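Novice: Predicted model follows, preceded by the sequence.
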There are 2 protein chains.
Amino acid sequence: MTVATMVDAAARMPRPGDSGDHESLRLWLRLFTCTTMIERQVGSALKREFGSSLPRFDLLAQLDRCRDGLRMSELSERTLTTGGNITWLVRALESEGLVSRRVAAADRRAAIVRLTPAGQRHFNAMARAHERWIIDLFATLPAADQRTLRRLLDTLGRQFRSTRTSE
Amino acid sequence: MTVATMVDAAARMPRPGDSGDHESLRLWLRLFTCTTMIERQVGSALKREFGSSLPRFDLLAQLDRCRDGLRMSELSERTLTTGGNITWLVRALESEGLVSRRVAAADRRAAIVRLTPAGQRHFNAMARAHERWIIDLFATLPAADQRTLRRLLDTLGRQFRSTRTSE
């Protein structure tokens, strides 16, 4: 499951006039909304141009990173998709000839999922289109502003990592 | 379903050395990662401090906004949760006395879901904690940087809305 199916985060925020209308909450709402909007636009474009979806794209992307293939359990973990949904998704992709399943030599109970050559071509085309969409989506933000935005998000990200570590 | 269960977006990005390692893609990865990290931290904190979750919090937040209650179909739409999951979630919250279901006067087939007084108190406590967590998460970013970040995200958001409208 992806951010394309995220809820309207505004409902979590204090209602106008509530005392807690804090700058950080407004900032978080913007961050959440921008991420959601991009994911939705990418999801729509995947559907429109490739008859695909974010869950399918993300599953193929994981297989693209691991050319030796992945077990169903690894795919489930890496895409944060539950077992039933992964099975359903892999079967659909297999029936379209985009992935193959082979029994692993080391553990006969575990099937290894791999991209087929057709699946690799399909993923490459989607990855190129994805890059183009992202570039287009950010295009109106001048390069200097993009660098500032990335610098501020880097600072935030480092803070989260250190907070998490110190818990 | 929320961003707490989002996939690792890095897999979608070109591998190091690929020609397409574009600044916009790096920026999108940061944006996505920051959003994911905050959602995960909020999800963990909801579990730790309230024995709750983001889907539960988001459902209660929608009911908090609509004091006259919502139909199951409306809840499903607003939380972007499928019918089966909404039924399951509402039943769980009902069994804990946090929401009630009443048959609607206008349409006897449609049950209206409302917050109970206990559900309202529970939501209020979670909303206050949520605000505190968000303030803490952004605390190390100086106020001026938070304003810059919000301004840049506002610009991006406006661009997305105009892109979508012109499609």
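Specialist: Perfect, thanks for sending it. In this text the structure is predicted, and so the values were computed from the model without any measurement.
Novice: Give the next helix or strand downstream of the helix ranked longest in chain A.
Specialist: Looking across chain A with DSSP state H, the single longest helix is helix A:23-50. Next along the chain after helix A:23-50, taking DSSP states H and E as the criterion, comes helix A:54-65.
Novice: Let me know the angle separating that next one from helix A:23-50.
Specialist: 80 degrees (axes from the mean of the first three to the mean of the last three Cα atoms, to 10 degrees).
Novice: And the longest helix of chain A, what's buried?
Specialist: Burial within helix A:23-50, assessed by neighbour count using 16 or more other Cβ atoms under 10 Å in any protein chain shown, is assigned to A:24-46, A:50. For the C-beta atoms, the positions are set from N, CA and C on the backbone; glycine is no exception.
Novice: which SS state does the nearest residue to residue A:111 once chain neighbours are set aside fall under?
Specialist: With Cβ to Cβ, 6 or more residues apart in numbering or on different chains as the criterion, residue A:111 has its nearest non-adjacent residue at 4.5 Å, and that residue is residue A:101. Of the three states, residue A:101 takes strand under DSSP: H, G, I helix; E, B strand; the rest coil.
Novice: again, but for residue A:106
Specialist: Going by three-state DSSP: residue A:106 is coil.
Novice: any low-confidence regions in chain A?
Specialist: A:1-10, A:14-21, A:108-109, A:163-167 (pLDDT under 70).
Novice: just checking, residue A:127 touches residue A:58?
Specialist: No - Residue A:127 is not in contact with residue A:58 according to Cβ atoms under 8 Å; the separation is 11.4 Å.
Novice: Overlap in contacts, those two.
Specialist: residue B:12 (Cβ atoms under 8 Å, 6 or more residues apart in numbering or on different chains).
Novice: Can you verify residue A:113 is assigned to a helix?
Specialist: No - read with three-state DSSP, residue A:113 is strand and lies in no helix.
Novice: Surely it touches residue A:104?
Specialist: No - the pair residue A:113 / residue A:104 is not scored as a contact, 10.4 Å apart, by Cβ under 8 Å.
Novice: Compare these two and say which one has the larger neighbour count.
Specialist: Using other Cβ atoms under 10 Å in any protein chain shown, the more surrounded residue of residue A:113 and residue A:104 is residue A:113, with 23 against 12.
Novice: where's that one relative to chain B, distance?
Specialist: To chain B, residue A:113 is 14 Å away according to Cβ to the nearest Cβ, to the nearest Å.
Novice: quick one: contacts for that residue?
Specialist: A:63, A:69, A:70, A:71, A:72, A:75, A:90, A:99, A:100, A:101 are the contacts of residue A:113 under Cβ under 8 Å, 6+ apart.
Novice: mind running it again at 6 Å?
Specialist: Residues near residue A:113 by Cβ atoms under 6 Å, 6 or more residues apart in numbering or on different chains: A:69, A:70, A:90, A:99, A:101.
Novice: nearest to chain B, of those?
Specialist: residue A:70 (11.3 Å; Cβ to the nearest Cβ).
Novice: What is the neighbour count of the residue nearest to residue A:111?
Specialist: Other residues close to residue A:101 by other Cβ under 10 Å number 14.
Novice: now residue A:128
Specialist: Using other Cβ under 10 Å, residue A:128 is surrounded by 12 other residues.
Novice: Mind telling me what element it is part of?
Specialist: helix A:117-138.
Novice: what's next to that helix, contact-wise?
Specialist: Residues contacting helix A:117-138 (Cβ under 6 Å, 6+ apart): A:38, A:42, A:45, A:50, A:57, A:60, A:64, A:97-99, B:20, B:22, B:24-25, B:28.
Novice: go with 8 Å
Specialist: Residues outside helix A:117-138 that contact it (Cβ under 8 Å, 6+ apart): A:38, A:41-42, A:45-46, A:49-50, A:52, A:57, A:60-61, A:63-64, A:93, A:97-99, A:115, A:146, B:12, B:14, B:20, B:22, B:24-25, B:27-28, B:156, B:159-160, B:163.
Novice: Specify the angle between that helix and helix B:23-50 in degrees.
Specialist: Using the same axes, to 10 degrees: helix A:117-138 against helix B:23-50 is 90 degrees.
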